[in-house]
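[1] coords please:
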Amino acid sequence: MQLSREPKRRIYKTVIVRDGRLAGAILLGDLDRMPFLTQALDNGSVLPQERASLLFDLAQPRADDRDEELAPDTQVCNCNGVSKADIDSCMNSGMRTLHEIVTATRAGTGCGGCKERVLRIVESAAGKARIREAA
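    Down below sits the predicted model:
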(Lines give C-alpha, C1' and ligand atoms only; values in the text may rest on other atoms or scores of the structure.)
Protein backbone atom coordinates (compact mmCIF):
# COMPACT_ATOMS: atom_id res chain seq x y z
CA MET A 1 0.00 0.00 0.00
CA GLN A 2 1.28 3.48 -0.94
CA LEU A 3 0.10 6.37 1.23
CA SER A 4 0.42 10.14 1.13
CA ARG A 5 -1.06 12.70 3.51
CA GLU A 6 -0.89 16.47 3.61
CA PRO A 7 -3.25 17.41 6.47
CA LYS A 8 -2.69 21.17 6.15
CA ARG A 9 -3.78 21.05 2.50
CA ARG A 10 -6.53 18.51 3.30
CA ILE A 11 -5.08 15.93 0.93
CA TYR A 12 -5.11 12.20 1.52
CA LYS A 13 -4.18 9.61 -1.09
CA THR A 14 -3.71 5.90 -0.87
CA VAL A 15 -3.53 3.03 -3.35
CA ILE A 16 -3.74 -0.68 -2.77
CA VAL A 17 -1.61 -2.83 -5.06
CA ARG A 18 -1.95 -6.60 -5.36
CA ASP A 19 0.23 -8.71 -7.63
CA GLY A 20 1.60 -5.57 -9.32
CA ARG A 21 -1.89 -4.32 -10.25
CA LEU A 22 -4.10 -1.65 -8.73
CA ALA A 23 -6.73 -3.13 -6.43
CA GLY A 24 -8.14 0.12 -5.03
CA ALA A 25 -7.51 3.81 -4.39
CA ILE A 26 -8.74 6.69 -2.27
CA LEU A 27 -8.11 10.28 -3.34
CA LEU A 28 -9.33 13.15 -1.20
CA GLY A 29 -8.57 16.80 -1.93
CA ASP A 30 -6.49 16.20 -5.07
CA LEU A 31 -7.93 14.28 -8.03
CA ASP A 32 -5.14 14.87 -10.58
CA ARG A 33 -4.18 11.19 -10.79
CA MET A 34 -7.77 9.90 -10.87
CA PRO A 35 -7.96 9.35 -14.67
CA PHE A 36 -4.77 7.28 -14.70
CA LEU A 37 -5.79 5.27 -11.63
CA THR A 38 -9.27 4.64 -13.00
CA GLN A 39 -7.86 3.28 -16.25
CA ALA A 40 -5.26 1.19 -14.41
CA LEU A 41 -8.02 -0.33 -12.27
CA ASP A 42 -10.42 -0.89 -15.20
CA ASN A 43 -7.73 -2.38 -17.48
CA GLY A 44 -5.86 -4.37 -14.84
CA SER A 45 -2.65 -2.73 -16.05
CA VAL A 46 0.70 -3.72 -14.59
CA LEU A 47 1.83 -0.73 -12.55
CA PRO A 48 5.17 1.07 -12.76
CA GLN A 49 7.90 0.13 -10.28
CA GLU A 50 7.98 3.76 -9.06
CA ARG A 51 4.83 3.58 -6.90
CA ALA A 52 4.96 7.28 -5.97
CA SER A 53 4.06 8.06 -9.60
CA LEU A 54 0.67 6.49 -8.92
CA LEU A 55 -0.13 9.33 -6.54
CA PHE A 56 1.89 12.20 -7.97
CA ASP A 57 2.61 13.52 -11.45
CA LEU A 58 6.40 13.09 -11.31
CA ALA A 59 7.26 13.40 -14.99
CA GLN A 60 5.78 13.83 -18.43
CA PRO A 61 2.32 12.34 -18.86
CA ARG A 62 2.28 8.73 -20.00
CA ALA A 63 0.69 7.89 -23.35
CA ASP A 64 -2.29 6.34 -21.53
CA ASP A 65 -2.65 9.52 -19.49
CA ARG A 66 -2.83 11.95 -22.45
CA ASP A 67 -6.38 12.75 -23.44
CA GLU A 68 -5.75 12.91 -27.18
CA GLU A 69 -4.33 9.37 -27.15
CA LEU A 70 -7.12 7.68 -25.22
CA ALA A 71 -8.64 4.63 -26.86
CA PRO A 72 -12.27 5.17 -27.94
CA ASP A 73 -13.57 2.63 -25.41
CA THR A 74 -11.83 4.40 -22.50
CA GLN A 75 -14.38 5.35 -19.88
CA VAL A 76 -13.97 9.06 -19.13
CA CYS A 77 -16.87 9.46 -16.69
CA ASN A 78 -17.40 6.50 -14.38
CA CYS A 79 -20.46 8.00 -12.69
CA ASN A 80 -22.45 8.10 -15.94
CA GLY A 81 -20.61 5.53 -18.07
CA VAL A 82 -19.40 8.02 -20.70
CA SER A 83 -16.58 6.85 -22.96
CA LYS A 84 -14.23 8.87 -25.12
CA ALA A 85 -16.16 7.48 -28.12
CA ASP A 86 -19.36 9.04 -26.72
CA ILE A 87 -17.66 12.43 -26.53
CA ASP A 88 -16.13 12.00 -29.99
CA SER A 89 -19.57 11.12 -31.36
CA CYS A 90 -21.00 14.36 -29.96
CA MET A 91 -18.11 16.30 -31.45
CA ASN A 92 -18.64 14.62 -34.84
CA SER A 93 -22.31 15.61 -34.74
CA GLY A 94 -21.33 19.27 -34.41
CA MET A 95 -21.21 19.88 -30.68
CA ARG A 96 -18.21 22.05 -29.75
CA THR A 97 -18.71 23.33 -26.18
CA LEU A 98 -18.36 21.70 -22.81
CA HIS A 99 -21.96 22.63 -22.01
CA GLU A 100 -23.25 20.85 -25.14
CA ILE A 101 -21.20 17.71 -24.43
CA VAL A 102 -22.21 17.62 -20.74
CA THR A 103 -25.88 18.11 -21.64
CA ALA A 104 -25.79 15.33 -24.23
CA THR A 105 -23.73 12.78 -22.27
CA ARG A 106 -24.08 13.79 -18.59
CA ALA A 107 -20.27 13.46 -18.30
CA GLY A 108 -19.07 15.42 -15.28
CA THR A 109 -22.49 15.72 -13.65
CA GLY A 110 -21.92 13.03 -11.02
CA CYS A 111 -18.96 13.57 -8.72
CA GLY A 112 -17.38 16.11 -11.10
CA GLY A 113 -13.96 14.47 -10.96
CA CYS A 114 -13.82 14.00 -14.73
CA LYS A 115 -15.00 17.45 -15.78
CA GLU A 116 -11.48 18.80 -16.41
CA ARG A 117 -10.62 15.78 -18.54
CA VAL A 118 -13.86 16.14 -20.54
CA LEU A 119 -12.96 19.79 -21.13
CA ARG A 120 -9.45 18.86 -22.33
CA ILE A 121 -10.89 16.24 -24.71
CA VAL A 122 -13.39 18.76 -26.11
CA GLU A 123 -10.71 21.44 -26.50
CA SER A 124 -8.34 19.01 -28.18
CA ALA A 125 -10.99 17.70 -30.59
CA ALA A 126 -12.29 21.20 -31.37
CA GLY A 127 -8.76 22.38 -32.12
CA LYS A 128 -8.20 19.48 -34.51
CA ALA A 129 -11.53 20.21 -36.21
CA ARG A 130 -10.49 23.84 -36.80
CA ILE A 131 -7.17 22.70 -38.21
CA ARG A 132 -8.89 20.27 -40.59
CA GLU A 133 -11.38 22.93 -41.72
CA ALA A 134 -8.54 25.37 -42.45
CA ALA A 135 -6.66 22.85 -44.61
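[2] okay, domains of the chain per the record?
    Domain assignment for the chain, taken from automatic domain parsing, gives 2-65, 68-134.
[3] for this protein, which spans come out with low pLDDT?
    1-3, 57-68, 128-135 (pLDDT under 70).
[4] measure the residue positioned nearest the centre of it to residue 103 for me?
    Centroid check for the chain by Cα atoms, centre = their mean gives residue 35 as the closest residue, at 2.8 Å. Using Cβ to Cβ, to the nearest Å, we find residue 35 at a distance of 22 Å from residue 103. Where C-beta positions appear, they are placed from N, C-alpha and C, glycine not excepted.
[5] pick the most buried one from the domains of the chain.
    domain 68-134 (a mean of 16; mean count of other Cβ atoms under 10 Å).
[6] tell me what the host helix or strand of the residue nearest to the centre of the chain is packed against?
    Using DSSP states H and E, residue 35 maps to helix 34-43. With contacts taken as 3 or more Cβ pairs under 8 Å, 6 or more residues apart in numbering; DSSP states H and E, helix 34-43 sits against strand 21-28, helix 52-55, strand 75-77.
[7] let me have those in JSON lines, extended by distance to residue 46.
    Formatted as JSON lines, the helices and strands packed on helix 34-43 follow (distance: least, Cβ to Cβ, whole Å):
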{"stretch": "strand 21-28", "distance to residue 46": "6"}
{"stretch": "helix 52-55", "distance to residue 46": "12"}
{"stretch": "strand 75-77", "distance to residue 46": "19"}
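[8] doesn't residue 85 belong to a helix?
    Yes - per DSSP: H, G, I helix; E, B strand; the rest coil, residue 85 lies within a helix segment.
[9] got the contact list for it?
    72, 73 (Cβ atoms under 8 Å, 6 or more residues apart in numbering).
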